[in-house]
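Undergrad: predicted model and sequence follow; I will ask about them next.
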Amino acid sequence: MTQQIHTFLMFEGKAKEAIDLYIEVFGGEIVNLIPNETGGVMHAIFSIKGQEFMAIDSSVHHEFTFTPAISMMVACESEEEIDRVYARLADGGLELMALGDLPGFKKFGWVQDKFGVSWQLTWS
């Protein structure tokens, strides 16, 4: 069996909401979702753009959260897609780098969504 590395996202009660947003924005599906006793997510696997991700809702409050030091990099297929995805992920989040020119790309933008997950978006 070939070893696989999955991105694993830990939320505090917002995992299902985040998964739903990512599937709405990028297309994809929930592969498996096991709810916890409080209605949150004990464990989920979801797929967007052919990539599988895992997510949970932590039952313990942590002093840490996501940081832009690690981000999801998405190569968009069109200008319409990068504009739409950027706007949707920025809604309620934080624009780290506005959509614009960047050497090597027709358009680039960096946003932290309302859940704290950081996304670098490119269009070549």
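TA: Everything's here; your move.

Undergrad: where in this protein is pLDDT low?
TA: Counting by pLDDT under 70, the chain has no low-confidence residues at all.

Undergrad: all helices for it, in order.
TA: Taking DSSP state H as the criterion, the chain contains helices spanning 15-26, 79-90.

Undergrad: and Trp119, which of those is closest to it?
TA: Ranking the helices of the chain by proximity to Trp119 (C-beta to C-beta) places helix 79-90 first, at 5.4 Å. C-beta here means a position set from N, CA and C on the backbone, and glycine is covered the same way.

Undergrad: just the buried positions in that closest one, please.
TA: The neighbour-count check on helix 79-90 (16 or more other C-beta atoms under 10 Å) flags 81-83, 85-86, 88-90 as buried.

Undergrad: quick check: chain neighbours aside, which residue is closest to Gly92?
TA: Lys114 (3.6 Å; C-beta to C-beta, 6 or more residues apart in numbering).

Undergrad: make that Glu12, sorry
TA: Closest to Glu12 by C-beta to C-beta, 6+ apart is Ser58, at 5.5 Å.
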